[in-house]
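S.K.: Give me coordinates for this.
(one chain, ligands or ions: 1)
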Amino acid sequence: MATVVVGVTGGVAAFKAPIVVRECQRAGHDVYVAATRASLEFVGRSTWEGITSRPVAVEIAGEGRAEHVELARIADLIIVVPATANSLARLAAGFADDMVSLTVLASHAPVVVAPAMHSNMWLAPATQANVRTLRERGIHVIDPSSGALGSGDSGIGRLPDPEEIAHQALEVLSAYEQASHALAGRTVVVTAGGTREPIDPVRFLGNQSSGRQGLAIASAAARAGAAVRVIAANIESALLAGLPSGVQVTRVGNALQMREATVNQVADADALVMTAAVADFRPEAASQSKIKKDPTNEEAPTIRLVRNPDILAEIGHSKKRPPLVIGFAAETGTDEEILAYGADKATRKGADFICLNRVGESVGFGDVSNDIHILDANGHIVGRYVGSKDEVAAGLVGHMASFLDNLKR
Ligand code: CTP
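M.R.: Reported below is the predicted structural model:
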């Protein structure tokens, strides 16, 4: 039995929300209702209290104290039905001044939103942009259906059948519950960020990696029940702070430190995911003092570089490697070229899989979407995940879970 919070906002379709509550109860779940004040014009407190046998949450209880997030905390699933254009905008913008938007904002539970409004409002660019934002954040938005609308017009914007809404929402819940156990009992090491190879006390050779993809994978693995260790090279503290509690973080600076930490941490791990951009070369010796210009000499200094160890190849080829080793390759070039580079890396590095990530002007580094092909050790494409870093991470974690499960058999 799960705890479902049904959030009701103020549209004519609110009269169908009690059926969603009933369906969830019929499936054996415990249902709480949060309602906006405007929605009480359509369905009153006594209806909600009658069908749930508990008070409906309308006022923000104990604002500033723990109670106001209590519903968010106990929710295993939140269904917002109906969601007006106004409430979609408020959810997208992160408002928290009514019990419905506050509960969505404060909860880690999966959220299903069922919009209902006049066609013109649904099709308005502002509403469509809000829906996109919500979907990008992993909120499941059910498309409205077409037919007669409250205004007397006809078109898209009708609330789908409440039974269908409850059915879809409970499917989202069970997929989420399944995913949240997929890596239970596993230990996953994720390297992330980019190494910095010191030239002198103030300069380094570095790269553009933000660490976001690695942190998204670490978060998805933790949500899937794994014990997660992150080896973070030069990642902003604010990004690290977003990791789920319980994820262990080791901070490193350069490639040699990353090698040492990674070799130590994988000793008892089930999987290593090497997302870090590790510098292939480092200055042979970092200058102890800041390198100064010589005013009498126009010539630039020469910095001699030496090779760094290839951490992935070392672990991938080691006898004591974890059962699952995954590398990343960020490549530029045509489709054919990047697939050839990826296939070469997959075979060369002893990894079970290489995630091939095209980088260029708008894909790859920083806060942008990803398109990842997964290549197996023979360089064959065995999967592809496209979307936000979180969506790609969730896909990869599913892939990892089934690989590890198949090993057991
Ligand atoms: N990697 C590593 N140690 C290195 C360099 C890379 O462990 N010294 C890992 C990365 O974390 C990544 C994979 O190897 O998982 C591929 O990295 P990439 O830099 O694309 O590969 P290279 O072998 O360095 O190839 P290239 O010549 O394209 O730089």
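
S.K.: where does Ala216 fall, phi/psi-wise?
M.R.: phi -60, psi -40 (degrees, to the nearest 10).

S.K.: From the ligand, how far off is it?
M.R.: 15 Å (CB to the nearest ligand atom, to the nearest Å). Every C-beta, even on glycine, is put in place using the N, C-alpha and C of the backbone.

S.K.: Repeat that for Ala109.
M.R.: 33 Å.

S.K.: who touches that residue in this structure?
M.R.: 5, 72, 75-78 (CB atoms under 8 Å, 6 or more residues apart in numbering).

S.K.: can you rerun that using 7 Å?
M.R.: 75-78 (CB atoms under 7 Å, 6 or more residues apart in numbering).

S.K.: if you go through the chain in chain order, where are the helices?
M.R.: In the chain, the segments counted as helices under DSSP state H are 17-26, 45-52, 70-74, 85-93, 99-106, 119-123, 125-136, 162-179, 212-223, 237-241, 255-266, 311-317, 335-349, 389-408.

S.K.: How about residues contacting the second one?
M.R.: I take that to be helix 45-52. Residues outside helix 45-52 that contact it (CB under 7 Å, 6+ apart): 18, 21-22, 31-33, 35, 55-56.

S.K.: PyMOL command to pick out the buried ones of those?
M.R.: The following PyMOL line selects those of the contacts of helix 45-52 that are buried, judged by 16 or more other CB atoms under 10 Å:
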select buried, resi 18+21+31+32+33+35+56
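
S.K.: okay, the contacts of helix 45-52 in CSV with distance to Leu240 and pLDDT next?
M.R.: As requested, the contacts of helix 45-52 are exported to CSV (distance: CB to CB, whole Å; pLDDT from 0 to 100):
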residue, distance to Leu240, pLDDT
Pro18, 44, 98
Val21, 40, 98
Arg22, 44, 98
Val31, 37, 98
Tyr32, 34, 97
Val33, 37, 98
Ala35, 38, 97
Pro55, 40, 95
Val56, 39, 96
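
S.K.: The contacts of helix 45-52: which two are farthest apart?
M.R.: Pairwise distances across the contacts of helix 45-52 (CB to CB) peak at 18.3 Å, for the pair Arg22 and Pro55.

S.K.: who touches stretch 248-266?
M.R.: 189, 191, 195-198, 229-234, 240, 243, 272, 276, 278-279, 282, 308-309, 311, 315, 322.

S.K.: What mean pLDDT does stretch 214-229 get?
M.R.: Mean pLDDT, computed over stretch 214-229, is 96.

S.K.: ok, for Thr127, nearest residue in space, not its chain neighbours?
M.R.: Nearest residue to Thr127, sequence neighbours excluded (CB to CB, 6 or more residues apart in numbering): Ala85, at 5.2 Å.

S.K.: and the one you found, what does it touch?
M.R.: With CB under 7 Å, 6+ apart, Ala85 has these contacts: 117, 121, 127.

S.K.: Could you rerun that using 10 Å?
M.R.: For Ala85, the contact set (CB atoms under 10 Å, 6 or more residues apart in numbering) comprises 9, 11, 115-118, 120-122, 124, 126-127, 130-131, 157.

S.K.: what does His181 give?
M.R.: 224-225, 401.

S.K.: so which of the residues you listed would you say is closest to Lys290?
M.R.: Out of the contacts of His181, the member with the shortest distance to Lys290 (by CB to CB) is Ala224, at 46.2 Å.

S.K.: Pull the number of nearby residues for the closest one.
M.R.: 23 (other CB atoms under 10 Å).

S.K.: distance of it from Thr262?
M.R.: Distance of Ala224 to Thr262, given as CB to CB, to the nearest Å: 21 Å.

S.K.: ditto for Ile303
M.R.: 26 Å.

S.K.: Over to Leu240?
M.R.: For Leu240, the distance to Thr262 - CB to CB - is 17 Å.

S.K.: Looking at the two, which has the bigger crowd around it?
M.R.: Remark: of Leu240 and Thr262, Thr262 carries more neighbours, 25 against 18, as counted by other CB under 10 Å.

S.K.: tell me the contacts of the residue lying closest to Val69 once chain neighbours are set aside?
M.R.: Distances taken as CB to CB, 6+ apart put Ala106 closest to Val69, at 4.3 Å, once the chain neighbours are dropped. Taking CB under 10 Å, 6+ apart, we find Ala106 in contact with 68-73, 75, 96.

S.K.: can you check Lys349 too?
M.R.: Contacts of Lys349 (CB under 10 Å, 6+ apart): 274, 310-317, 325, 327, 329, 377.

S.K.: thinking again about what came up before, go through the helices of the chain and pick out the most buried.
M.R.: Mean neighbour count, computed with mean count of other CB atoms under 10 Å, is highest for helix 212-223 among the helices of the chain, reaching a mean of 26.

S.K.: tell me how far that helix is from the chain's mean position?
M.R.: With CA atoms, centre = their mean, to the nearest Å as the basis, helix 212-223 stands 7 Å off its chain's centre.

S.K.: what's the angle from that helix to helix 389-408?
M.R.: In terms of direction (axes from the mean of the first three to the mean of the last three CA atoms, to 10 degrees), helix 212-223 departs from helix 389-408 by 50 degrees.

S.K.: tilt between helix 212-223 and helix 162-179?
M.R.: 100 degrees.

S.K.: Could you list the residues of the stretch 151-300 of the chain in contact with the ligand?
M.R.: 255, 274, 276, 278, 280 (CB under 6 Å from any ligand atom).

S.K.: how many neighbours does the residue lying closest to Leu205 once chain neighbours are set aside have?
M.R.: Residue nearest to Leu205 in three dimensions, not counting chain neighbours: Glu197, with 4.4 Å by CB to CB, 6+ apart. By the measure other CB under 10 Å, the count of residues near Glu197 is 23.
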